[in-house]
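Trainee: sequence plus predicted model, see below.
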Amino acid sequence: MVFMNKIKIIFVTFIFVTSICFASSLSVDENRISEYTLPNGLHFIIMEDHTAPVVSFVVIVNTGSSDEKEAETGISHLIEHLAFNGTEKIGATDWRKEKQLITAMDNLYGEMISITHSSNYSPSGKEEKIRQIQERFDKLKERASLLSEPNEFGKILDRNGAAGLNAYTSNDITVYWVELPSNRTELWAYLESDRLFNPVFRSFYEELDVVKEERRMRTENTPMGKLMEEFHKTAFTIHPYRNPVIGYTEDLECMTRTKVQTFYQKHYVPSNITIVIAGDVNRTNLIPLLNKYFGKIPTGKNPIRDLSVEPPLKETKRITVVMDSEPIFLAAFRIPDINHPDIYPLDICAEIIAGGRTSRLYRRLVQEEKVAVSVACWSRSAKYPSLFYIWAIPSKERTNAEVEKIILEEIENIKTEGITEKELEGAKARLSMDVLTTLKTRRGLAEQLGLYYVLTGNWRNMFMYMEHIESISAKDIQGTVEKYFGIDNMVIGTLEKKGKQGD
């Protein structure tokens with residue numbers, strides 16, 4: 001046992017020291033990581049790594065669903081889909097004719113939206129009028145499809161050795177990435193500059209249908225998706241974090257290309273975009289390429305964000321969703337934004353409370369009392385004050401109420417008794433391993449550099465993360481739990497099976 005404890009201490013020390021040494025070597029080596037900003041405000045982070053002739057390109061747009069106004073939810077995510085569908089140059093066989101058809105389609109679609117919400121038609125009259133317009137619309141769409149090359153953007157990249165072309169949208173940001181052989185860097189610059197700043201939103205209605213179906217599958221027809229949507233509407237009363245990234249059905253049904261273009265022109269401006277280039281590049285040769293392809297893009301106005309501040313909770317808020325599903329329990333506590341120093345002890349709290357098989361809740365809920373079959377916990381570091389989540393699935397014949405009772409008891413135990421040094425060491429070791437796992441890939445490191453720059457203002461904060469984590473004491477954890485995990489700062493959501501609620 002003594003031998004095993006020594007091994008554990010050595011392992012924890014190795015993980016921490018390795019991460020700090022790795023981080024320090026990057027943060028002080030100006031020849032490896034540097035920054036460059038064009039006169040139009042477009043910012044680049046460049047990391048030179050010549051171990052392989054490959055380059056990762058990560059584009060981070062400082063825009064997500066939290067920037068969407070009422071009646072336009074889902075627009076950021078839809079743009080992410082549309083961004084792969086080409087420009088006037090890429091994917092077009094006859095843009096002039098295609099544009100005419102697109103304009104005609106948009107006019108007809110607008111008519112259908114107006115008729116849908118009009119009170120000037122009888123139900124049967126409305127249905128018939130929409131059917132007639134839909135027939136004309138479908139013919140135009142078919143003709144337009146013959147004037148473009150589907151997914152030409154991706155095909156060009158594939159032919160040139162691309163790997164991992166993809167994207168995602170969150171509440172705070174939209175991220176695009178791809179890896180290419182280093183001798184295709186200029187090709188990337190040409191394609192990406194055209195894609196980012198000259199989109200035509202080709203296949204708009206096809207992508208809109210894809211997003212609608214995605215919402216039906218992931219939100220409306222899944223227990224966890226439905227619970228999360230209702231949960232966030234309860235947890236946030238005025239802040240846009242209450243809205244789903246994928247958008248509400250009623251907003252998607254009224255989405256138009258004009259709305260997308262207006263939103264895009266406002267948010268996809270150079271000063272609101274950061275591009276990370278990591279790999280086999282030479283800064284001296286790269287800068288002229290960046291100026292050539294991105295330098296002539298108009299500056300644009302940086303978006304002004306004036307979001308309402310969410311009022312503090314004064315008591316526990318609850319929401320229950322009833323579906324034909326087994327129970328699910330979800331609790332959350334309000335926490336500050338990513339730049340607050342309490343984020344570090346909160347990350348450790350997540351590991352100690354339910355971060356794997358050695359965590360308190362896993363041992364008690366799953367192993368000892370068998371009240372739940374699974375439990376998880378995560379602290380969401382975000383641009384604005386967010387949530388600390390605890391999630392569990394009760395065992396068969398057990399209830400959400402039993403799960404809640406044990407969770408609250410364990411939280412109170414930490415408040416009154418604190419945590420052990422063994423728990424603290426284990427949590428720090430797991431977080432260290434998570435950091436190393438993320439940073440071991442070129443794309444992972446590039447993405448984290450960009451995320452920390454966009455969300456905290458300095459990519460070097462990524463390398464300071466483990467130093468902050470290592471400085472946290474057991475007493476700090478106890479104080480953090482006391483500060484944030486009170487019943488007057490809590491939201492509880494439960495999914496109950498039909499006919500079982502209240503049992």
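Mentor: Cool, got the structure.

Trainee: so which bits of stretch 312-328 are buried?
Mentor: Buried residues in stretch 312-328, counting neighbours by 16 or more other CB atoms under 10 Å, are found at 313, 317, 319, 321, 325, 327-328. (C-beta placed from N, C-alpha, C; glycine too.)

Trainee: with adjacent residues omitted, what lies nearest to the residue nearest the centre of the chain?
Mentor: The centre of the chain sits closest to Ser170, judged by CA atoms, centre = their mean, with a distance of 2.9 Å. Spatial nearest neighbour of Ser170, excluding adjacent residues (CB to CB, 6 or more residues apart in numbering): Gly64 at 5.0 Å.

Trainee: any idea how far that neighbour is from Phe201?
Mentor: Distance of Gly64 to Phe201, given as CB to CB, to the nearest Å: 19 Å.

Trainee: re earlier: of the buried residues of stretch 312-328, which one scores lowest on pLDDT?
Mentor: In terms of pLDDT, the lowest of the buried residues of stretch 312-328 is Ser325, showing 92.

Trainee: list the contacts for the closest residue to that one other than its chain neighbours?
Mentor: In space, and not counting its chain neighbours, Ser325 is closest to Pro223: 3.9 Å by CB to CB, 6+ apart. With contacts defined as CB atoms under 8 Å, 6 or more residues apart in numbering, Pro223 is in contact with 321, 323, 325-326, 328, 495.

Trainee: farthest-separated two in these?
Mentor: Across the contacts of Pro223, no pair lies farther apart than Val321 and Glu326, at 12.5 Å, counting by CB to CB.

Trainee: ok, back up a step: where's the residue nearest to Ser170 relative to Ile75, distance?
Mentor: 10 Å.

Trainee: equivalent analysis for Lys405, please.
Mentor: In terms of CB to CB, Lys405 sits 42 Å off from Ile75.

Trainee: if we can go back for a sec, format the contacts of Pro223 as JSON lines; extra columns: secondary structure.
Mentor: Shown next, in JSON lines, are those (DSSP: H, G, I helix; E, B strand; the rest coil):
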{"residue": "Val321", "secondary structure": "strand"}
{"residue": "Met323", "secondary structure": "strand"}
{"residue": "Ser325", "secondary structure": "coil"}
{"residue": "Glu326", "secondary structure": "coil"}
{"residue": "Ile328", "secondary structure": "strand"}
{"residue": "Leu495", "secondary structure": "strand"}
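
Trainee: what segments of the stretch 301-450 of the chain are helices?
Mentor: 343-354, 360-361, 400-417, 421-439, 442-456 (DSSP state H, counting those that start in this stretch).

Trainee: so, low pLDDT: which residues of the chain?
Mentor: Counting by pLDDT under 70, the ranges of the chain that qualify are 1-31, 500-503.

Trainee: just the strands in it please.
Mentor: For the chain, the strands defined by DSSP state E occupy 33-37, 43-48, 54-61, 163-169, 174-181, 273-279, 317-323, 328-335, 372-379, 386-394, 490-497.

Trainee: deepest of these, which one?
Mentor: By mean neighbour count, with neighbours taken as mean count of other CB atoms under 10 Å, strand 273-279 ranks first of these at a mean of 25.

Trainee: quick one, that one and strand 54-61 angle?
Mentor: Interaxial angle of strand 273-279 relative to strand 54-61 (axes from the mean of the first three to the mean of the last three CA atoms, to 10 degrees): 170 degrees.

Trainee: and strand 273-279 with strand 33-37, angle?
Mentor: Here strand 273-279 points in a direction 140 degrees away from that of strand 33-37 (the same axes, to 10 degrees).

Trainee: strand 273-279 packs against which elements?
Mentor: Contact here means 3 or more CB pairs under 8 Å, 6 or more residues apart in numbering; DSSP states H and E; on that basis strand 273-279 packs against strand 43-48, strand 54-61, helix 185-197, helix 442-456.

Trainee: I'd like the ones you listed as a markdown table, with distance to Tyr264 appended.
Mentor: Below are the helices and strands packed on strand 273-279 laid out as a markdown table (distance: least, CB to CB, whole Å):
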| stretch | distance to Tyr264 |
| --- | --- |
| strand 43-48 | 19 |
| strand 54-61 | 10 |
| helix 185-197 | 10 |
| helix 442-456 | 18 |
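
Trainee: any idea how far Asn339 is from Leu42?
Mentor: Remark: distance between Asn339 and Leu42 (CB to CB) = 23 Å.

Trainee: neighbour-wise, which of those two wins?
Mentor: For Asn339 and Leu42, the more surrounded residue by other CB atoms under 10 Å is Leu42, and the numbers stand at 24 against 12.

Trainee: just to check, that one is in contact with Asn272?
Mentor: No - if you go by CB atoms under 8 Å, Leu42 and Asn272 don't touch, sitting 9.1 Å apart.

Trainee: Gly64 and Phe201: who's more crowded?
Mentor: Ranked by neighbour count (other CB under 10 Å), Gly64 and Phe201 place Gly64 first, with 24 against 19.

Trainee: hmm, the more buried one is touching Val175, no?
Mentor: No - using CB under 8 Å as the test, Gly64 is too far from Val175 to be in contact (9.6 Å).

Trainee: list the residues that contact both of these two?
Mentor: In contact with both Gly64 and Val175: Thr169, using CB under 8 Å, 6+ apart.

Trainee: could you check how far Asn461 is from Tyr121?
Mentor: From Asn461 to Tyr121 the distance is 57 Å (CB to CB).

Trainee: before we move on, the earlier item: now distance to Thr299 too, for the contacts of Pro223, in JSON lines please.
Mentor: Below are these laid out as JSON lines (distance: CB to CB, whole Å):
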{"residue": "Val321", "distance to Thr299": "46"}
{"residue": "Met323", "distance to Thr299": "49"}
{"residue": "Ser325", "distance to Thr299": "51"}
{"residue": "Glu326", "distance to Thr299": "54"}
{"residue": "Ile328", "distance to Thr299": "48"}
{"residue": "Leu495", "distance to Thr299": "48"}
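
Trainee: quick check: closest non-adjacent residue to Arg202.
Mentor: Per CB to CB, 6+ apart, closest to Arg202 is Asn85, 4.1 Å.

Trainee: how about Leu495?
Mentor: Spatial nearest neighbour of Leu495, chain neighbours left out: Ile328 (4.1 Å); criterion: CB to CB, 6+ apart.

Trainee: so who does Val260 touch?
Mentor: By CB under 8 Å, 6+ apart, the contact set of Val260 is 75, 78-79, 82, 201, 204.

Trainee: again, only using 6 Å
Mentor: The contact partners of Val260, by CB atoms under 6 Å, 6 or more residues apart in numbering, come to Phe201.

Trainee: where do the helices sit along the stretch 51-200 of the chain?
Mentor: 75-82, 95-116, 123-145, 152-159, 185-197.

Trainee: for Asn461 and Tyr121, indicate the residue with more neighbours.
Mentor: Asn461 (17 against 14).

Trainee: correct me, but the more buried one touches Tyr452?
Mentor: Yes - with contacts counted by CB atoms under 6 Å, Asn461 reaches Tyr452, the gap being 4.9 Å.

Trainee: could you report the distance from Pro288 to Ala189?
Mentor: 10 Å.

Trainee: list of residues touching stretch 130-138?
Mentor: 108, 111-112, 115.

Trainee: and Asp347, how many neighbours?
Mentor: Neighbours of Asp347 (other CB under 10 Å): 22.

Trainee: same check on the one 5 residues further on?
Mentor: The criterion is other CB under 10 Å. On that basis, Ile352 has 24 neighbouring residues.

Trainee: ok, it - contacts?
Mentor: Ile352 is in contact with 419, 423, 427, counting by CB under 6 Å, 6+ apart.
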